[in-house]
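> The sequence isn't on hand, but the structure is:
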């Protein structure tokens, strides 16, 4: 940040520190590793420590962040307490949740307890009032636009393949199938990025939820597939399918609209995962090429694996599966970030 912007940021922090927060000596703000957005996080040397956020209002959803946080907290979910916010400058002072993300805690011994806790909080989210003032509809146009990132950023810009008209039509046919499946599902509040890097284990053993500003009202399987087919953690598919069915049985007791067979729910789950992972291939490519965040390329092999695993199981997706294997897979071996996945261990 520029010197002037930094000075404005520091002055705002000092002016807005709550009375219950003490500061001994000069204020220091330690930069923390950020996320995929444009927000920048700083840990302050206060007692207790706070997180200061520099979140450009022209690029980030700061009002949505505050509104959704309040909605989640009102129903007992743990999001960082907001001590101060300046919407015009994009500054926030937040509770410090610490550094313990769920991802590094996950192993074959901890996964059952941690995922059970994460699924319980997800059920809580899905029971929130689905106010469109707070959770806008996740409509067909948005679902389509997300998948088109795959065409533009993954296929053309990352791999250098110019799509022919018949290929565009093949992809669009698949996208319409995936959108239809999403719209057939019960619509509930959706975090939209509910996975092991956006869940934190707090000091009291509860789960804290972060990065929720893109929440919408959308398909009931969306957050579940984000968690169980995590782009950063791989588990055996049968194990995650069993968890998905168990979650469906719990959700069914809370949501009368969820009157479908286990087979239909898993089909929704797999199609939703395919929509999400097609989108993620485009997003990770864009993060690398446009924003210089090349580390995301290392996560693409797992995302590709999930996509082919789902597409290979359903006749509606066979044309996409065959096209990907014939046109895309041969290009992957030339990419220095690509390593095919082999076994189903962490």
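Sure, I can see it. Everything quoted here is computed from the prediction, not taken from an experiment.

> right, and residue 161 touches residue 330 too?
No: Residue 161 is beyond contact range of residue 330, at 10.1 Å (criterion: C-beta atoms under 8 Å). Glycine gets a C-beta too; all of them are placed from N, C-alpha and C.

> So for those two, which sits in the more crowded spot?
residue 161 (15 against 10; other C-beta atoms under 10 Å).

> Show me this structure divided up by domain.
Listed by automatic domain parsing, the domain ranges of the chain are 3-95, 103-332.

> Dihedrals phi and psi, residue 235?
phi -130, psi 160 (degrees, to the nearest 10).

> Nearest residue to it in space, please, no chain neighbours.
Distance criterion C-beta to C-beta, 6 or more residues apart in numbering; nearest residue to residue 235, sequence neighbours excluded, is residue 111 at 6.9 Å.

> Okay, the one you found and residue 222: tell me how far apart.
21 Å (C-beta to C-beta, to the nearest Å).

> quick one: which of those two has more around it?
residue 222 (26 against 17).

> residues touching the more buried one, list them.
Residue 222 makes contacts with 138, 182, 190, 192, 272, 276, as judged by C-beta atoms under 8 Å, 6 or more residues apart in numbering.

> With residue 297 instead?
Here residue 297 is in contact with 284-285, 288, 335, 337 (criterion: C-beta under 8 Å, 6+ apart).

> among those, which two are most distant?
The largest separation in the contacts of residue 297, counting by C-beta to C-beta, is between 284 and 335 at 12.2 Å.

> who's more crowded, the two?
Legend: neighbour count by other C-beta under 10 Å for residue 284 and residue 335, higher for residue 284 (26 against 13).

> What's the separation between that one and residue 325?
Distance from residue 284 to residue 325, by C-beta to C-beta: 20 Å.

> What ranges does the chain have for its helices?
With helices called from DSSP state H, the chain shows them at 3-16, 62-74, 111-126, 140-149, 165-184, 222-228, 237-254, 262-289, 300-311, 318-323, 329-332.

> Tell me which of those sits most buried.
Greatest average neighbour count among the helices of the chain goes to helix 222-228 (a mean of 25), per mean count of other C-beta atoms under 10 Å.

> distance of the residue nearest the centre of the chain from residue 279?
In the chain, the centroid-proximal residue (C-alpha atoms, centre = their mean) is residue 193; its distance is 1.8 Å. As for residue 193, its distance to residue 279 is 11 Å (criterion: C-beta to C-beta).

> follow-up on the earlier one: any idea how far the residue nearest to residue 235 is from residue 250?
For residue 111, the distance to residue 250 - C-beta to C-beta - is 18 Å.

> Setting aside sequence neighbours, what's the nearest residue to residue 54?
Per C-beta to C-beta, 6+ apart, closest to residue 54 is residue 40, 4.4 Å.

> gap between the one you found and residue 5?
11 Å.

> Can you pull the residues that touch both of these two?
By C-beta under 8 Å, 6+ apart, the residues touching both residue 40 and residue 5 are residue 54.

> Any regions of this protein where pLDDT drops low?
1, 34-36, 343-346 (pLDDT under 70).

> Now with 50, please.
345-346 (pLDDT under 50).

> OK, contacts around the residue of it positioned farthest from its centre?
Distance to the chain centre peaks in the chain at residue 25, reaching 38.3 Å (criterion: C-alpha atoms, centre = their mean). Taking C-beta under 8 Å, 6+ apart, we find residue 25 in contact with residue 45.

> got it, and residue 217?
130, 132, 135-138, 187-190.

> Among the residues you listed, the buried ones, what's the ChimeraX command?
Per 16 or more other C-beta atoms under 10 Å, the buried members of those correspond to this ChimeraX selection:
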select :130,135,138,187,188,189,190
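
> which among the contacts of residue 217 gets closest to residue 317?
residue 138 (21.0 Å).

> hang on, that closest one packs against residue 219?
Yes: counting by C-beta under 8 Å, residue 219 is a contact partner of residue 138 at 7.2 Å.

> can you list residues touching both of these two?
182, 187, 190.

> Switch those residues over to CSV; also include distance to residue 157.
What follows is these, written out as CSV (distance: C-beta to C-beta, whole Å):
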residue, distance to residue 157
182, 26
187, 33
190, 28
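
> what's the closest of those to residue 263?
For the shared contacts of residue 138 and residue 219, the nearest to residue 263 is residue 182 (17.5 Å; C-beta to C-beta).

> mind listing what the residue lying closest to residue 321 once chain neighbours are set aside touches?
Nearest residue to residue 321, sequence neighbours excluded (C-beta to C-beta, 6+ apart): residue 311, at 4.1 Å. Contact analysis of residue 311 by C-beta under 8 Å, 6+ apart lists 274, 317-318, 320-321, 324.
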